[in-house]
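Trainee: predicted model, plus sequence, below.
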Amino acid sequence: MDDDNIKQGRDSPLFGDDDNPSSEGELFDDAPEPKTTPRADDPGAGSVFLDAKSSPIAAPRHDGDAATFPTEISLEDDSEPTSPSHPEPAPTAPVSSIFEDSNEMPPKPAARFVSITTDLHNGHAPSDPDGRYIEISVTDPHKVGDGMMSSFMSYKVTTRTNYPGFGSDTEFSVERRFSDFLGLYHRLLAKHLDLGRIVPPAPEKSVVGMTKVKMSKSDAPTENESSWEFIERRRMALERYLNRTAMHPVLRGDAEFIEFLQREILPKSSNSAVSGSNLKKMLTKAVSVAESMIGSTSEEDDWFTNSLRHADLMEGQLRRLLLGVEQLVESRREVGKYSGHLARSVALLSNCEENATLRRALSVLADTQDAIERVQADQSNADFYLLAELVKDYIGLIGSLREVFRQRDKLFGSWNSAEATLVKKRESECKLQMAGKQDRVADAQREIGEWEDKVNRAQVAFDLISKNIKEEVARFEEFKSKDFSVTIIKYLESLAESQEQLVKSWEDFLPEAKAIQ
């Protein structure tokens with residue numbers, strides 16, 4: 001992963017855009033939308049923390065031989081039917097049996113496509129002490145339309161909840177495309193950033209990933225491994241984004257969020273709105289940086305200074321961790337790939353061996369190496385979906401944390417500016433009184449009253465955002481600990497299970513090796 005992408009906090013090229021050609025790198029994603037396809041309008045954003053009243057994240061468990069991963073993934077989840085767009089691969093025979101009576105080099109098998117599903121809180125929707133719950137799943141990614149310019153990916157968003165704000169229905173589904181998720185993000189951001197709500201970043205766009213999907217000639221996952229792996233990763237990221245937003249006690253009741261989950265067809269908007277919001281966001285950052293350089297927004301609350309410094313340190317460590325995990329993922333994939341090469345070579349060698357016991361041992365060794373390839377592939381997926389994705393999510397959250405701190409600085413600067421203007425207005429009024437210009441005194445006093453109101457409103461806004469930021473940071477710290485605790489436990493379980501499978505494979509091979517005569 002290049003440094004420029006890592007610096008963005010949401011760096012992976014796993015997530016692409018479907019339909020915004022006016023923003024950078026979206027040349028191939030301008031898809032005319034069918035009349036029945038929902039669309040998003042103006043930008044907004046969300047927030048990412050679980051409600052403090054929600055029940056604790058459930059302990060990890062195993063279903064059969066496959067571990068399920070609350071809020072993250074289940075590598076082999078049998079609890080829900082396989083989507084038509086993600087069929088289960090047919091069982092494969094042992095390597096040794098495939099190439100019996102053959103002197104040709106066996107072909108390299110197709111990469112295994114693993115459909116990752118999310119198991120929220122052991123399959124149950126998170127609930128509060130009053131029995132309220134909300135669970136959102138993003139499933140059934142499918143391509144709509146044909147061709148490079150007219151196709152896009154659509155997702156089924158299913159919500160299960162008993163919160164009263166969603167009406168009498170406890171389960172409902174809608175179809176959404178990627179731009180709809182971005183539209184929700186920007187609209188929530190516009191409404192809640194000034195209030196100090198920490199925004200959960202939506203998955204970023206990836207022109208490369210979407211171009212591969214649009215150029216693929218077949219929709220079968222086993223025939224387009226890289227494209228469908230990209231779609232699966234994006235699907236999971238969208239699901240995590242919605243569930244994080246839903247867990248926030250304020251954002252889950254926002255009318256924009258409820259409309260996104262329930263309304264069949266969203267109001268239409270131009271793609272340029274999102275690009276304009278991105279430009280406005282960039283300009284806001286530039287202005288904030290300029291203000292901080294001239295010291296116009298400095299203030300003396302040590303809590304905010306220390307919190308921002310802590311966030312900077314944490315982000316640096318998370319980026320280092322992400323780099324290490326990504327290297328681990330690639331290394332483990334390489335080990336699995338070369339184990340597969342070895343399995344096929346040993347299988348071919350066993351066909352040429354005349355010694356019966358040696359031929360048998362080589363055959364079992366080929367099967368063992370083939371099993372090792374599968375174990376390494378599954379563990380590589382666990383490395384990525386359990387650790388790498390969580391770390392990337394929190395890097396993005398720290399970026400959102402910086403946004404609310406920057407917004408607070410902006411409000412503080414506006415308050416100071418209003419107070420400075422009020423002082424000047426009062427000085428002008430005094431000069432008019434001393435000069436005996438009574439005809440202009442009334443106008444000056446009216447302006448003073450207006451600026452007094454502006455100062456009061458600015459102070460109220462600043463106090464409110466300061467209070468909310470402290471609450472959001474407390475929620476961030478609380479649930480960061482829970483997220484990482486649950487994830488580390490699940491990751492250690494996956495490692496232990498992988499090692500058990502490896503040990504069993506070698507223990508099964510050992511008698512065959514000892515039997516060679």
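Mentor: Structure's in. What do you need? Numbering: from 1, shown residues only.
Trainee: could you give the bridge partners of residue 136?
Mentor: As for beta bridges, residue 136 partners with residue 159 under DSSP bridges.
Trainee: next, the contact list for it, please.
Mentor: 157, 158, 159, 160, 239, 242, 243, 246, 261 (CB atoms under 8 Å, 6 or more residues apart in numbering). To be clear about C-beta, it is placed using only N, CA and C from the backbone, and glycine gets the same treatment.
Trainee: low-confidence stretches in the chain?
Mentor: Within the chain, the segments meeting pLDDT under 70 span 1-129, 214-226, 269-300.
Trainee: kindly recompute the last result at 80.
Mentor: Counting by pLDDT under 80, the chain contains low-confidence residues at 1-130, 146-150, 206-228, 267-300.
Trainee: can you give me the helices in it?
Mentor: 3-6, 95-98, 178-192, 207-215, 225-246, 255-262, 272-294, 302-352, 356-382, 389-435, 438-514 (DSSP state H).
Trainee: reformat those helices as TSV; add distance to residue 143 and mean neighbour count.
Mentor: Shown next, in TSV, are the helices of the chain (distance: least, CB to CB, whole Å; neighbours: other CB atoms under 10 Å):
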stretch	distance to residue 143	mean neighbour count
helix 3-6	25	12
helix 95-98	33	19
helix 178-192	12	25
helix 207-215	7	19
helix 225-246	9	22
helix 255-262	22	19
helix 272-294	22	14
helix 302-352	26	16
helix 356-382	23	21
helix 389-435	23	19
helix 438-514	31	15
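Trainee: residue 132 is nearest to which of those?
Mentor: When these are compared by CB to CB, helix 225-246 sits nearest residue 132, at 11.3 Å.
Trainee: the closest one - contacts with which helices or strands?
Mentor: strand 134-144, strand 152-161, helix 178-192, helix 207-215, helix 255-262, helix 389-435 (3 or more CB pairs under 8 Å, 6 or more residues apart in numbering; DSSP states H and E).
Trainee: okay, these in JSON lines with distance to residue 499 next?
Mentor: Formatted as JSON lines, those follow (distance: least, CB to CB, whole Å):
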{"stretch": "strand 134-144", "distance to residue 499": "31"}
{"stretch": "strand 152-161", "distance to residue 499": "36"}
{"stretch": "helix 178-192", "distance to residue 499": "38"}
{"stretch": "helix 207-215", "distance to residue 499": "33"}
{"stretch": "helix 255-262", "distance to residue 499": "41"}
{"stretch": "helix 389-435", "distance to residue 499": "22"}
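Trainee: among these, which comes closest to residue 198?
Mentor: helix 389-435 (5.1 Å).
Trainee: name the helices or strands packed onto that closest one?
Mentor: helix 225-246, helix 272-294, helix 302-352, helix 438-514.
Trainee: tell me which of these lies nearest to residue 385.
Mentor: Among the helices and strands packed on helix 389-435, helix 225-246 sits nearest to residue 385 (CB to CB), with 7.0 Å.
Trainee: just the angle between that closest one and strand 152-161, please?
Mentor: Counting by axes from the mean of the first three to the mean of the last three CA atoms, to 10 degrees, helix 225-246 points 40 degrees away from the direction of strand 152-161.
Trainee: helix 225-246 versus helix 389-435: what angle between them?
Mentor: 50 degrees.
Trainee: how about the CA coordinates for helix 225-246, as PDB?
Mentor: Extracted C-alpha coordinates of helix 225-246, given in PDB (Å, rounded to 0.1, in the frame of the first residue of the first chain):
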ATOM      1  CA  GLU A 225     -11.600 -14.000  -7.800                       C
ATOM      2  CA  SER A 226     -10.000 -10.600  -7.500                       C
ATOM      3  CA  SER A 227     -13.100  -8.700  -8.600                       C
ATOM      4  CA  TRP A 228     -15.400 -10.500  -6.200                       C
ATOM      5  CA  GLU A 229     -13.000 -10.300  -3.400                       C
ATOM      6  CA  PHE A 230     -13.000  -6.500  -3.900                       C
ATOM      7  CA  ILE A 231     -16.800  -6.500  -3.900                       C
ATOM      8  CA  GLU A 232     -16.900  -8.600  -0.700                       C
ATOM      9  CA  ARG A 233     -14.500  -6.300   1.100                       C
ATOM     10  CA  ARG A 234     -16.500  -3.300   0.100                       C
ATOM     11  CA  ARG A 235     -19.700  -4.900   1.200                       C
ATOM     12  CA  MET A 236     -18.300  -5.600   4.600                       C
ATOM     13  CA  ALA A 237     -17.000  -2.100   5.000                       C
ATOM     14  CA  LEU A 238     -20.400  -0.700   4.100                       C
ATOM     15  CA  GLU A 239     -22.100  -2.900   6.600                       C
ATOM     16  CA  ARG A 240     -19.700  -1.900   9.300                       C
ATOM     17  CA  TYR A 241     -20.300   1.800   8.500                       C
ATOM     18  CA  LEU A 242     -24.000   1.500   8.800                       C
ATOM     19  CA  ASN A 243     -23.900  -0.500  12.000                       C
ATOM     20  CA  ARG A 244     -21.500   1.900  13.600                       C
ATOM     21  CA  THR A 245     -23.800   4.800  12.700                       C
ATOM     22  CA  ALA A 246     -26.800   2.900  14.000                       C
END
